[in-house]
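Q: only geometry, no sequence info:
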């Protein structure tokens, strides 16, 4: 069995591309998590009626963050990808954020990416190419989701692709140190 969290992320710093694994497809109320011990995606929770994931949500393999999981990524695409899909993405932004649970505050950034093969979003290169309302709605989704879980999610700022690339590099270094 192969652990998807350990697949190469294949970061190309110049192109800003890397691999991503989808855990939860866009439009789903069901939240899935990858379990490296079984190699399966587990049904973790269900969002309330009327609330669904606004983008494909997953992780960047071969990275590790403060919360003990791989780096989170949201993928802006024409079509929802299936659970477990491996997608070569181009990093376009990052929601720099922190999450508070039971008094403990951790960084919990969310990368924003587009599939390398996208036609509709091929012109999206950085956060300025996205409408302000898109970023506001995306941020509000995470704030509301966290609130439902008894947590607090706070977006600190919207970062450029270079910051997203650096987060992938840093997450890869953290994983190597932890191994």
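A: Thanks, I have the structure now. Remember, predicted model here, so these are calculated numbers, not experimental data.
Q: drop to CA atoms for contacts and neighbour counts, all remaining ones
A: Fine.
Q: lowest-pLDDT helix or strand in this protein?
A: When the helices and strands of the chain are scored by mean pLDDT, DSSP states H and E, strand 104-107 comes last with a mean of 93.
Q: mind checking how far it is from the chain centre?
A: Remark: strand 104-107 is offset 17 Å from the chain centroid, using C-alpha atoms, centre = their mean, to the nearest Å.
Q: got it, and stretch 163-177?
A: Taking the mean of its C-alpha atoms, stretch 163-177 sits 14 Å from the chain's own mean (C-alpha atoms, centre = their mean).
Q: still on that earlier bit, contacts for the least confident helix or strand of the chain, please.
A: 66-67, 96-100 (C-alpha atoms under 8 Å, 6 or more residues apart in numbering).
Q: show the buried residues in those residues.
A: Among the contacts of strand 104-107, those buried by neighbour count (16 or more other C-alpha atoms under 10 Å) are 96-100.
Q: right, and the helix or strand after the least confident helix or strand of the chain?
A: Counting by DSSP states H and E, the next helix or strand C-terminal to strand 104-107 is strand 110-115.
Q: now the residue most central in space within the chain. Nearest residue, chain neighbours left out?
A: Geometric centre of the chain, nearest residue: residue 73, 1.6 Å, by C-alpha atoms, centre = their mean. Nearest in space to residue 73, with sequence neighbours left out and distances taken as C-alpha to C-alpha, 6 or more residues apart in numbering, is residue 111 at 4.5 Å.
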